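Chemist: Have a look at this fold, sequence not included:
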DNA sequence: GTCTATACCTGGATAGAC
DNA sequence: GTCTATCCAGGTATAGAC
């Protein structure tokens, strides 16, 4: 019989991810991590020497998860893959989180260089995957739209990203109505 | 003959607006204002007792400008008014700025209460104006879309807002292609 | 209105004991 | 791997002179 042991490092990553996606990079501190986890500041530094170090690890982990997810989807229909992608954002909404690009993009210029690279890489993965999906689905005839696939991908990602942000401010489930409408547009 | 004198208060507001829209609220300091303007920290505090005070003044000024702009547009055709609205975002792109909602929304929960209110108010103004424009344009037959006007407004605002953010990260003029495509969708 | 000086706090980070 | 203790930098904010 196996039991699940989440080690400290994972707990830090989990909490750090939530903090970035609810407060942004500059508005959270090591204290926001150490206190809830019942440890001291220095202990967090043991696992992640610097804040940018932690920030990058969080971005990379999320990106790896995304790549593994789309890999698992690869045998599914194009419609189902798109639906799964949209589901990521409705889940984010329920968890009151924005996506990484939404959380970190506005202050991109203020981020440490390593995080800028990580974010750029992650955004490239998402855009190129969705572009490919739309392109294939279009030629298969399962999707229907007039834009170029790459531009359509940006339209979709943008609407989702900003829907999460607007939901924060307005208190309305903006992203859910956006998802509903996006489905009619492909 | 009149000459234009921009007083210190206006200079602070201008610079503060740029800082918020390029770096976000938490990543700029009074130093970022006082040094470029050749004054001391304390002098900035004379005009704005607290940072949140300054933040709110910036939001309110931008909102007032928007209201005055749309008022000036009111005699124009619906298409022209929409085109003017889109132009705000292509100008923002050229200036390397994101919009206020994009800059402040992701970290909404970390903002001082007065700024939260100001941002919420501003977002309401924009959404309701655009909703009205789309609704009127639809019944006049100058616009053509199948979504509900309010949802269409959110789709448009979202795409623009996030286009600016994605442009930051990717280095591509995402918002420009988004604008091009949005025009075909109304 | 702007200055100098300073108080106060928070945050990131490191050294060294356990 | 976590602790205590500490350092240092930076940021907001205020008091009081000019």
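Modeler: Cool, got the structure. These numbers come from a predicted model, not from an experiment.

Chemist: Tell me where the model's unsure across chain A.
Modeler: Where chain A drops to pLDDT under 70, the residues are A:1.

Chemist: I'd like the next helix or strand past the longest helix seen in it.
Modeler: In chain A, assigned by DSSP state H, the helix with the most residues is helix A:113-140. Sequence-wise, the next helix or strand downstream of helix A:113-140 (DSSP states H and E) is helix A:149-170.

Chemist: hmm, back to that, quick one: buried residues of the longest helix of chain A?
Modeler: Neighbour-count burial for helix A:113-140 flags A:114-116, A:118-120, A:122-123, A:126-127, A:129-131, A:133-135, A:137-138 (criterion: 16 or more other Cβ atoms under 10 Å in any protein chain shown). Where C-beta positions appear, they are placed from N, C-alpha and C, glycine not excepted.

Chemist: show me what contacts residue A:53?
Modeler: Residues near residue A:53 by Cβ atoms under 8 Å, 6 or more residues apart in numbering or on different chains: residue A:114.

Chemist: for the stretch of helix or strand residue A:56 belongs to, the distance to its chain's centre please.
Modeler: Element membership for residue A:56, per DSSP H and E: helix A:51-73. Centroid separation for helix A:51-73 versus its chain: 9 Å, with Cα atoms, centre = their mean, to the nearest Å.

Chemist: who in chain A is up against DNA strand C?
Modeler: Counting by Cβ under 7 Å from any atom of the strand, chain A comes close to DNA strand C at A:28, A:29, A:30, A:31, A:41, A:42, A:45, A:49, A:50, A:51, A:52.

Chemist: redo that, cut-off 6 Å
Modeler: Proximity of chain A to DNA strand C, by Cβ under 6 Å from any atom of the strand, involves residues A:29, A:30, A:31, A:41, A:42, A:45, A:49, A:50, A:51.

Chemist: Just the buried ones among these, please.
Modeler: Buried among the residues of chain A next to DNA strand C (16+ other Cβ under 10 Å): A:30, A:51.

Chemist: what's the closest of the residues of chain A next to DNA strand C to chain B?
Modeler: Closest to chain B out of the residues of chain A next to DNA strand C is residue A:29 (10.9 Å), distances taken as Cβ to the nearest Cβ.
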